[in-house]
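Colleague: got a predicted model here, sequence first, then my questions.
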Amino acid sequence: MTVYAVAQISIHDRQRYDKYVAGFMDVLLEYGGRLLAAQENPEVVEGRWPYEKIILLAFEDRRAFEVWAGSLEYREISKDRVASTGGVVLAVNGLT
């Protein structure tokens, strides 16, 4: 079953976040992940949204997501994301 990772973040250190972004796609692709959507300041259609960027990733299954998220390569670059942003990351099971 496909697993989606949804990150909702606010960026408070652009330079350090850009360093994270520079290494992100190589690590994501190495572990079979797919970037489905990413946007800063998306249109809020209903309610209040306290973040400024949303990212949607897809993985073949929960195990693939966990292997990527726990990989040495991702843990290394994610230090810059953690230090430069605030927000949440959700893992959501697909329907099929």
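Modeller: Perfect, thanks for sending it.
Colleague: which parts of the chain are strands?
Modeller: For the chain, applying DSSP state E gives strands covering 3-11, 34-40, 53-59, 85-93.
Colleague: just name the most buried of these.
Modeller: With neighbours taken as mean count of other C-beta atoms under 10 Å, the strands of the chain reach their highest mean count in strand 53-59, at a mean of 19. Where you see a C-beta, it was placed from the backbone N, CA and C, and this is true even at glycine.
Colleague: and the angle from that one to strand 85-93?
Modeller: Strand 53-59 and strand 85-93 are oriented at 30 degrees to each other (axes from the mean of the first three to the mean of the last three C-alpha atoms, to 10 degrees).
Colleague: buried sites along the top helix by length along the chain?
Modeller: Assignment by DSSP state H gives helix 14-30 as the longest helix of the chain. Judged by neighbour count using 16 or more other C-beta atoms under 10 Å, the buried positions of helix 14-30 are R16, Y17, K19, Y20, F24, V27, L28.
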